[in-house]
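Undergrad: Sharing a model that was predicted from the sequence below.
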Amino acid sequence: MVVMSSEEFAPPKYAQIVQTIRQKIADGTYPPGSLLPSETQLVREFKVSRPTVVRALQVLQLRGVIEREHGKGSFVKAAPPGASNQNSRPGRAVLDRVEADENCAVIEAGTLAATGAVANLLDVPEGSTVMRRRVLFRDGERPTDLLTVWCPAHQAEGTDLGETGPLTAGIREHLWASKGVKLQHVVERLNARHPSADEAKLMEVRRTTPVLGVLASVFNGGGRPVLVVDLVLPGDLHELEDSYSL
């Protein structure tokens, strides 16, 4: 019989940091709105490398636990009661990200003809004009995620989705403020795959590097699709996790 040590079952170091920070948020050490220790301080506290700390903070951000502002730091998010499970969803989290507060670049923003797959998800005829917005987020020296958003052209009219500058509000808030469109329901699909040639080039990874793909269809209160969101995450930087009561 092979006896395995407890270390072989221990979670990765970044996951241990995530767990510790969440515990400190829960016990009030880091109250809502407070500034977390800097990356340098966390490196010293946990005796790990900076990429490990960065990865832990990215996981917390994707789960909606913290907000990261470029040049300012990471802040504990003030979540309303009962919203913790919802905020852990990456599809929801990306809709609330503020591009202007992060280190990102708008790769593309403009109209094009919808392919069959996108048209089907948006429930519009194939070849219809849609708006596509692609944003590459970075942290330090490497890309951390690639976000692509599609929406029908008429839905994008009167918004800044087609502008090449970073949005100063999350997509969900921006659509409500500019169009009165309320996003209420998300159908999210997750898969592990290899990146396309274009994705690999933008993400600065090999074609054989595993990535996590999050494809989300976002609906309004009437049940009509408003957006399709495609989020690509390098597998070596991200791990998606959820927790719930039995």
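TA: Sure thing, it's come through. Residues are numbered from 1 along each chain as shown.

Undergrad: Extract the residue ranges of this protein that are flagged as low pLDDT.
TA: For the chain, applying pLDDT under 70 flags the ranges 1-11, 79-89, 140, 237-246.

Undergrad: so which strand or helix has the most centrally placed residue in it?
TA: Nearest residue to the geometric centre of the chain (CA atoms, centre = their mean): residue 94, 4.2 Å. Taking DSSP states H and E as the criterion, the element that holds residue 94 is helix 90-95.

Undergrad: How far away from the center of its chain is that helix?
TA: Centroid displacement of helix 90-95 relative to its chain, using CA atoms, centre = their mean, to the nearest Å, is 5 Å.

Undergrad: Likewise for stretch 200-217?
TA: Chain-centre distance of stretch 200-217: 13 Å, with CA atoms, centre = their mean.

Undergrad: got it, and stretch 125-138?
TA: Here the centre of stretch 125-138 is set off from its chain's centre by 17 Å, with CA atoms, centre = their mean.

Undergrad: contact partners of stretch 19-28?
TA: 11, 30, 31, 36, 46, 56, 60, 65, 76 (CB atoms under 8 Å, 6 or more residues apart in numbering). (Glycine included, C-beta is placed from N, CA and C.)

Undergrad: Could you dump those residues into TSV and include neighbour count, distance to residue 172 and secondary structure?
TA: Shown next, in TSV, are the contacts of stretch 19-28 (neighbours: other CB atoms under 10 Å; distance: CB to CB, whole Å; DSSP: H, G, I helix; E, B strand; the rest coil):
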residue	neighbour count	distance to residue 172	secondary structure
11	12	32	coil
30	21	25	coil
31	11	25	coil
36	19	24	coil
46	17	33	helix
56	24	25	helix
60	22	20	helix
65	22	18	coil
76	20	20	strand
